[in-house]
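J.: Task: produce atomic coordinates for the following.
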Amino acid sequence: MNANAKLTGLAHIGIFTADIDKSVEFYKSLGFTVDADSCPGPKLVFMSLGTCLIELICPPDASALAKRNADGWIGHICIEAKHIDDVVADFKAKGIIPAEAQVSYNEKILGGVKNIFFD
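T.: Sure, this is the predicted structure:
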């Protein structure tokens, strides 16, 4: 294992929704607050309550939800890491292959994040 490769904890949980406004109001009623809003592509809203961070995802094509069972489907769990490139290299060395070719960077989410998806 690369000495720099380090998983540091849960970053957020991605939840699909057909009605983003209704979902935002539901989570607000539970005490969550909106942290970040909007992004190109699917509509995204990040909300937090204490140390819990959720990402509400409303795909532009509602039929995407039907293919994944239903509204409220958990699409992904994001694990935070230090030195993500080293973590990915370490995973690959263990035979854990990412679903994407490389780490991507999105400056519009939470002040800028690097990510890569694994199946």
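J.: Let me know the next secondary structure element after the worst-scoring helix or strand of the chain on mean pLDDT.
T.: Least confident helix or strand of the chain, by mean pLDDT, DSSP states H and E, is helix 63-67 with a mean of 61. Where DSSP states H and E defines the elements, the next helix or strand beyond helix 63-67 is strand 74-82.
J.: Give me the contact list for that next one.
T.: 4-16, 55, 57, 68, 87, 115, 117 (CB atoms under 8 Å, 6 or more residues apart in numbering). (Glycine included, C-beta is placed from N, CA and C.)
J.: pLDDT weak spots in this structure?
T.: 1-4, 37-41, 62-73, 119 (pLDDT under 70).
J.: quick one, strands of it?
T.: 6-16, 33-37, 43-49, 52-58, 74-82, 104-106, 113-115 (DSSP state E).
J.: Out of the ones you listed, which gets nearest to G95?
T.: Closest to G95 of the strands of the chain, according to CB to CB: strand 6-16, at 17.1 Å.
J.: Relative to D86, how far out is the most centrally placed residue in the chain?
T.: Residue closest to the mean C-alpha point of the chain, counted by CA atoms, centre = their mean, is G14 at 4.7 Å. Per CB to CB, to the nearest Å, G14 is found 24 Å from D86.
J.: Apart from its neighbours in sequence, what residue is nearest L110?
T.: Closest residue to L110 apart from its sequence neighbours, by CB to CB, 6 or more residues apart in numbering: A36 at 5.3 Å.
J.: can I assume P98 is in contact with N115?
T.: No: with contact defined as CB atoms under 8 Å, P98 and N115 do not form a contacting pair (10.1 Å).
J.: Might one say that H12 is in contact with F46?
T.: Yes: at 6.9 Å, H12 counts as touching F46 under the criterion of CB under 8 Å.
J.: Could you name every residue contacting both of those two?
T.: Joint contacts of H12 and F46 (CB under 8 Å, 6+ apart) are 53-55.
J.: now these as TSV including neighbour count?
T.: Shown next, in TSV, are these (neighbours: other CB atoms under 10 Å):
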residue	neighbour count
L53	19
I54	19
E55	22
